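Chemist: coords please:
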Amino acid sequence: MNNQLPDGDYICDVVFEELDLSGMDLCCGKTFSSVTFKNCSFNECNLNNCSLEDCTFTNCTLTLTSVKNTKMQGVLFERSKLAGVRFFECNQFALKVNFAESIITGCNFSDMRLKNTNFSKSVIKESDFINTDLSGADFTESALAGSVFNNTNLTGAIFTGASEYSINPVNNTIKKAVFNLPEAISLLDYFKIIIK
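Modeler: Sure thing, here's the model as predicted:
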């Protein structure tokens with residue numbers, strides 16, 4: 001267990017616990033490979049130009065964390081709180097990121113390719129998915145209050161047990177997406193029809 005970030009540009013196979021990097025500037029291009037962060041804080045941290053490879057963030061907080069040109073390959077956020085993170089600014093090449101049982105508030109995933117991304121059992125509030133490819137994404141048992149889906153590819157996406165979503169089937173591609181009742185009735189909201 002470590003609670004200090006070591007010197008050097010390449011950090012590999014380490015578990016950090018209760019590390020507080022709030023307000024720190026790590027934009028020096030550090031590479032984190034097979035690193036696990038537990039109960040760590042990255043609030044207002046600058047991770048610009050860093051590389052995160054096969055990293056796990058468990059019970060971490062990332063509020064207004066800057067990720068410009070950050071590479072994320074095989075990154076998992078589990079039981080973490082993310083707020084105001086502009087994920088669309090990350091390096092999109094070979095991007096692979098997943099979320100499980102996390103609280104995601106006011107984050108922006110617009111113009112991203114997030115095919116087969118896992119968002120299961122998460123609370124995703126007021127986040128943007130505009131022009132986003134979410135084909136095959138898994139939103140099982142997630143709450144999506146206030147999140148915006150516009151011109152989004154949701155082909156084959158899974159919304160089983162999901163709630164509070166507002167998805168216009170005219171402005172989004174929902175072919176073969178999986179929804180269940182009674183929440184699926186909300187897909188008719190945009191048609192201004194009366195159901196008795």
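Chemist: use CA for all of it now, contacts and neighbours both
Modeler: OK.
Chemist: output the longest strand belonging to the protein.
Modeler: strand 91-100 (DSSP state E).
Chemist: list the contacts of it.
Modeler: By CA atoms under 8 Å, 6 or more residues apart in numbering, the residues outside strand 91-100 that reach it are 68-79, 112-114, 117-122.
Chemist: partners of that strand, with directions?
Modeler: Each strand paired with strand 91-100, and its direction, by DSSP bridges: strand 71-78 (parallel).
Chemist: the strand it pairs with: what's the following helix or strand?
Modeler: Counting by DSSP states H and E, the next helix or strand C-terminal to strand 71-78 is strand 81-83.
Chemist: enumerate every residue touching the residue lying closest to residue 146 once chain neighbours are set aside.
Modeler: Closest residue in space to residue 146, ignoring its immediate chain neighbours: residue 126 at 4.3 Å, by CA to CA, 6 or more residues apart in numbering. Counting by CA under 8 Å, 6+ apart, residue 126 makes contact with 105, 106, 107, 144, 145, 146, 147, 148.
Chemist: and the last one, bridged to which residues?
Modeler: Beta-bridge partners recorded for residue 148 (DSSP bridges): residue 128.
Chemist: what's the pLDDT at it?
Modeler: We note a pLDDT of 97 for residue 148 in this prediction.
Chemist: my guess is it meets residue 130, correct?
Modeler: Yes: using CA atoms under 8 Å, residue 148 makes contact with residue 130 at a distance of 6.9 Å.
Chemist: what's the overlap in contacts for those two?
Modeler: If you check residue 148 and residue 130 against CA under 8 Å, 6+ apart, no residue is contacted by both.
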